[in-house]
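Undergrad: Here is the input, now give the coordinates:
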Amino acid sequence: MLARLESALGRNDLIEQMVLRPEPVASASDSKKSVNLVVGYSSSPRSQTALDLALWMAHQTRIATSKPVTVQVVYVLDENQISQYSDLFNLTKSSLVASSNCENTESAQPVRKWLAASSRLTSSELQCFKTISAPITALERADHILWQARCLAEEWRGSFTAHLRFGNIAKELRKVVEEEAATLLFLGCKSANHSIIRELGDDFPCAVLGIPTNLMSTESFDSSSDCLSI
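TA: Next comes the predicted model:
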């Protein structure tokens with residue numbers, strides 16, 4: 001399939017640049033009844049290109065074979081974001097409890113006097129009141145990102161699944177690949193030296209394809225034709 005991609009773009013150097021992790025020998029010997037393409041997606045231009053490429057390959061595979069083809073998108077809310085939002089939520093919760101206690105003991109006084117109690121909070125606590133919606137915002141953004149991926153995949157008109165995972169990006173990608181018995185993993189990374197690629201390890205269960213810089217300068221694919229541009 002990569003050879004067809006090279007031919008469509010008039011290139012002869014894409015395979016070497018795109019394969020960030022080769023297909024394991026054991027996997028290469030297996031004759032799978034279905035094709036399962038997984039895309040690590042974040043809505044960045046590179047991950048959009050990775051999704052475009054996966055959809056094109058899925059379309060071409062469906063035309064060339066009788067195998068069922070599935071495209072799956074994975075967005076991971078990484079552990080650093082989770083920890084940050086958890087800390088903010090805990091601090092905000094403690095501030096709300098303190099304010100609630102103040103309200104109960106001074107309930108007979110004017111509301112404006114109770115509101116003045118906020119001046120006794122530290123600047124960091126006040127900031128937390130402003131950011132109490134941060135965890136929700138992160139989930140809303142994740143939902144928007146996966147919605148965007150679904151929109152991009154509408155023309156595919158085939159089997160499509162979107163996953164939202166929480167934790168370490170490389171670990172969660174591996175879990176999805178293993179659980180879904182993925183044929184290929186597409187990422188927006190341009191080099192095998194990227195930290196995520198290194199974290200995937202040398203024993204990754206399927207081949208990993210990236211997006212080299214020179215591929216970003218071409219135009220978008222029409223998934224309904226044999227001509228691809230990304």
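
Undergrad: Show me where the protein dips below the pLDDT cut-off.
TA: Along the chain, the parts satisfying pLDDT under 70 run over 26-31, 79-136, 217-230.

Undergrad: Swap in 90 and give it another go.
TA: In the predicted model of the chain, residues 1-17, 23-34, 60-61, 63-67, 78-141, 152, 154-158, 191, 201-202, 212-230 satisfy pLDDT under 90.

Undergrad: mind listing the strands in this structure by residue range?
TA: 19-21, 35-40, 69-78, 159-167, 184-186, 207-209 (DSSP state E).

Undergrad: so can I have a markdown table of those showing mean neighbour count?
TA: Where C-beta positions appear, they are placed from N, C-alpha and C, glycine not excepted. Output for these, formatted as a markdown table (neighbours: other CB atoms under 10 Å):
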| stretch | mean neighbour count |
| --- | --- |
| strand 19-21 | 19 |
| strand 35-40 | 24 |
| strand 69-78 | 22 |
| strand 159-167 | 16 |
| strand 184-186 | 26 |
| strand 207-209 | 24 |
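
Undergrad: Show me the one of the ones you listed that comes nearest A3.
TA: Nearest to A3, of all the strands of the chain, is strand 19-21, at 12.1 Å by CB to CB.

Undergrad: Which neighbouring elements make contact with that closest one?
TA: Judged by 3 or more CB pairs under 8 Å, 6 or more residues apart in numbering; DSSP states H and E, the packing partners of strand 19-21 are helix 195-200, strand 207-209.

Undergrad: Turn the ones you listed into TSV, columns for distance to I15.
TA: Formatted as TSV, the helices and strands packed on strand 19-21 follow (distance: least, CB to CB, whole Å):
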stretch	distance to I15
helix 195-200	17
strand 207-209	9
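
Undergrad: Quick one: closest of those to S7.
TA: S7 lies closest to strand 207-209 among these, at 16.7 Å (CB to CB).
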